[in-house]
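[1] structure, please.
(2 chains)
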Amino acid sequence: MQDFVDAFQFIGEHTALLWQLTLDHLALSGAAIGIALVLAIPLGVTLGHVHRGSFAAINVSNVGRALPSLALISIGVAVLGIGFVNVMVALIVLAFPIVLTNAYVAVDGVDQDAVEAARGMGMTGREVLWKVELPLALPLIFAGIRTAVVYVIATATLASVAGAHSLGDVIVDQATYRLPGVLGAAICVAVLALLAELLFAALQRAVTPRALRLEERGASSVMLGDPPLTSERTAST
Amino acid sequence: MTPLAAAGPVIPDFGRGSSCVRGNGTFCWDWVDSHWSDTLRPALVQHVVLTLVAIAVGFAIAFALALLAHRRGWITTPVVLVTGLLYTIPSLALFQLLVPFTGLSRTTAEIALVSYTLLILFRNTLAGLAGVPEDVRDAARGMGLTRRQLLWRVELPLAMPAIVAGLRIATVTVISLATVAVFVVNEGLGAPIYAGLQQTFKTELIAAGALCVVLALAADGLLVLAQRVLTPWTRVARSR
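    Predicted coordinates:
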């Protein structure tokens, strides 16, 4: 327990350092998530809208999960060299499949009766997408974003082995910071991940239309960070 | 005296690398070839052992909890909360947070790896059990099955696809995370990956990373096969 007391003491004494690293950590994660979203959401939504490419859209996340994050970052080092960009690319590669699969499954799985009703009302394909499919798919799309965010924040810790800055800097440098420092930084990372999870869980609730929220209560056991959510569905169907 | 001089200047022999290794190529097959038995294979074997132990222990715990939660529903929420919390903590941090308790040891690595399997395995097993149609349960009860027989002969076989789906996700996740265990115990494929990071010669790192991916895909494939063997009826249903 003394170790943890020392760890909190370390946090108190090195607030500036830890804060700076937290900002670096968030900048790295944010850049990776942003680019992954820009790439994956339009693609997933389009594929889901036209109901094409399900095999690729679903299996990309199964393969993606098999990629060990440490290995991916390391191979990135071998190919792209050390630094921010390399780690960001590795994080994008990790986040992309999760977001893509969820976006695809979300739009593809929208109740076809609703889509047909919308068509019957004379909506064009584009209107169906924006006014019917996207609002209904939003919660599941957001579930993918949330999972990806937590996953990327967790993995960004490993960035330190590849020359980008994050809270991992302290964790992997026991020689300099000793056990209290390592534990203190580990506590910060854990808290950061949990805060991100809670924040995005709240956001996900906020974007869910009230009518869908009632349904959701039945499935509320599915609440914290879940790559399993989609793969459960894809694997068992 | 003359023979020594005749032999010319003494140049220490550090062994002969291939031209690829000497030229620091990106990926040298002959390095993989010559270090397979002393570096890569032991690491691969350790990695498999780390994974198997974590999955076995994790499954035992999660399975017991799921059976309990299946009987008494109120257990579900606390279990999901606690395992979800563990699942969210980044692996590198969790490994380190355990060090004060279990030291830099294999135990530390296994505890962390097990804790990442719990949420997945618990939730999938429970979902599988809950997904058994009520009609089927009624029919089984009508045939005079006891609660225990109902569980083992009807509910668990029907829950098998969901359970195996959970095992697939958990196994692949653990194989990936076990590389990070190198920060607490120098075992598994994380060891050559980490060693490769410290040097400019990258073959070791790429080979170990690739092995890790191959291992994950192979394990996933094996589990799919296992599910086919264990649940022959699902295939019949699908082919109709």
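[2] ok, the spatially most central residue of chain A - contacts?
    Geometric centre of chain A, nearest residue: residue A:148, 1.0 Å, by Cα atoms, centre = their mean. Applying Cβ atoms under 8 Å, 6 or more residues apart in numbering or on different chains, we find residue A:148 in contact with A:33, A:36, A:95, A:98-99. Any C-beta I mention is one placed from the backbone N, CA and C, and that applies to glycine too.
[3] in the helix or strand containing it, what counts as buried?
    Using DSSP states H and E, residue A:148 falls within helix A:134-156. For helix A:134-156, burial by neighbour count (16 or more other Cβ atoms under 10 Å in any protein chain shown) applies to A:134, A:136-156.
[4] same question for stretch B:145-155.
    In stretch B:145-155, counting by 16+ other Cβ under 10 Å, buried: B:145, B:150-151, B:154-155.
[5] next one: that stretch to chain centre, how far?
    Between the centre of stretch B:145-155 and the centre of its chain there are 31 Å (Cα atoms, centre = their mean, to the nearest Å).
[6] what does stretch B:209-224 give?
    9 Å.
[7] that one and chain A, are they touching?
    Yes - judged by Cβ under 8 Å from any Cβ of the partner chain, stretch B:209-224 comes into contact with chain A through B:209-210, B:212-213, B:216-217, B:220.
[8] per-residue confidence averaged over that stretch?
    Stretch B:209-224 comes out with an average pLDDT of 89.
[9] give me the contacts around it.
    Under Cβ under 8 Å, 6+ apart, the answer for stretch B:209-224 is A:62-63, A:65-68, A:70-72, A:74-75, B:40, B:43-44, B:47-48, B:51, B:164, B:167-168, B:171-172, B:175-176, B:179, B:189, B:193.
[10] are any of those residues buried, and which?
    Here, 16+ other Cβ under 10 Å leaves A:62, A:65-68, A:70-72, A:74-75, B:40, B:43-44, B:47-48, B:51, B:164, B:167-168, B:171-172, B:175-176, B:179, B:189, B:193 buried among the contacts of stretch B:209-224.
[11] ranges for the strands of chain A?
    Under the criterion DSSP state E, chain A contains no strands.
[12] which helix in it has the most residues?
    Counting residues, the longest helix found in chain A (DSSP state H) is helix A:15-50.
[13] can you check chain B too?
    Max-length helix for chain B by DSSP H is helix B:41-71.
[14] that one packs against which elements?
    helix B:76-88, helix B:106-130, helix B:156-177, helix B:190-197, helix B:203-230 (3 or more Cβ pairs under 8 Å, 6 or more residues apart in numbering or on different chains; DSSP states H and E).
[15] quick one: low-confidence parts of the chain?
    Just so you know, I chose chain A. A:211-237 (pLDDT under 70).
[16] that answer is for a different chain, and I need it for chain B
    Judged by pLDDT under 70, the stretches of chain B that qualify are B:1-17, B:22-23, B:236-240.
[17] could you redo the last one with a cut-off of 50?
    Low-confidence segments of chain B, defined by pLDDT under 50, are located at B:1, B:240.
[18] next, find the distance separating residue A:117 from residue A:56.
    Going from residue A:117 to residue A:56 by Cβ to Cβ, to the nearest Å gives 29 Å.
[19] tell me which residues in stretch A:202-211 are buried?
    So for stretch A:202-211, counting by 16+ other Cβ under 10 Å, buried means A:204, A:208.
[20] hmm, it in reach of chain B?
    No - on the criterion Cβ under 8 Å from any Cβ, stretch A:202-211 is out of touch with chain B, staying 14.5 Å away.
[21] output that stretch as PDB - backbone C-alpha positions only.
    Provided in PDB are the C-alpha atoms of stretch A:202-211 (Å, rounded to 0.1, in the frame of the first residue of the first chain):
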ATOM      1  CA  ALA A 202     -23.300  10.000 -21.600                       C
ATOM      2  CA  LEU A 203     -22.900  11.500 -25.100                       C
ATOM      3  CA  GLN A 204     -24.200   8.200 -26.600                       C
ATOM      4  CA  ARG A 205     -27.300   8.600 -24.400                       C
ATOM      5  CA  ALA A 206     -27.700  12.100 -25.400                       C
ATOM      6  CA  VAL A 207     -27.700  11.300 -29.200                       C
ATOM      7  CA  THR A 208     -30.200   8.500 -28.700                       C
ATOM      8  CA  PRO A 209     -33.700   9.500 -29.600                       C
ATOM      9  CA  ARG A 210     -36.000   9.200 -26.600                       C
ATOM     10  CA  ALA A 211     -38.200   6.600 -28.200                       C
END
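[22] return the distance of it from the chain's centre.
    Per Cα atoms, centre = their mean, the centroid offset for stretch A:202-211 relative to its chain is 18 Å.
[23] now do stretch A:127-141
    20 Å.
[24] ditto for stretch A:81-90
    The answer for stretch A:81-90 is 18 Å, by Cα atoms, centre = their mean.
[25] that stretch near chain B anywhere?
    No - judged by Cβ under 8 Å from any Cβ, stretch A:81-90 stays clear of chain B, getting no closer than 9.6 Å.
[26] report the buried residues of that stretch.
    In stretch A:81-90, counting by 16+ other Cβ under 10 Å, buried: A:84, A:86-90.
[27] now distance to residue B:63 too, for the helices and strands packed on helix B:41-71, in a markdown table please.
    Below are the helices and strands packed on helix B:41-71 laid out as a markdown table (distance: least, Cβ to Cβ, whole Å):
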| stretch | distance to residue B:63 |
| --- | --- |
| helix B:76-88 | 12 |
| helix B:106-130 | 6 |
| helix B:156-177 | 8 |
| helix B:190-197 | 28 |
| helix B:203-230 | 15 |
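[28] from residue A:196, how far off is residue A:68?
    22 Å.
[29] burial check on residue B:229, number of neighbours?
    Residue B:229 is flanked by 7 other residues according to other Cβ atoms under 10 Å in any protein chain shown.
[30] what are the boundaries of the helices in chain A?
    A:2-13, A:15-50, A:54-66, A:69-80, A:84-108, A:112-120, A:125-127, A:134-156, A:168-171, A:174-207, A:210-218, A:228-236.
[31] in the fifth one, what's buried?
    Burial within helix A:84-108, assessed by neighbour count using 16+ other Cβ under 10 Å, is assigned to A:84, A:86-108.
[32] and that helix, what does it pack onto?
    Helix A:84-108 packs on helix A:15-50, helix A:54-66, helix A:69-80, helix A:134-156, helix A:228-236, going by 3+ Cβ pairs under 8 Å, 6+ apart.
[33] for the residue lying closest to residue B:47 once chain neighbours are set aside, what are its contacts?
    Leaving aside its sequence neighbours, residue B:47 sits nearest to residue B:188 (Cβ to Cβ, 6 or more residues apart in numbering or on different chains; 4.0 Å). Listed by Cβ under 8 Å, 6+ apart, the contact set of residue B:188 reads B:43, B:46-47, B:50, B:178-179, B:181-182.
[34] thanks a lot, see you next time.
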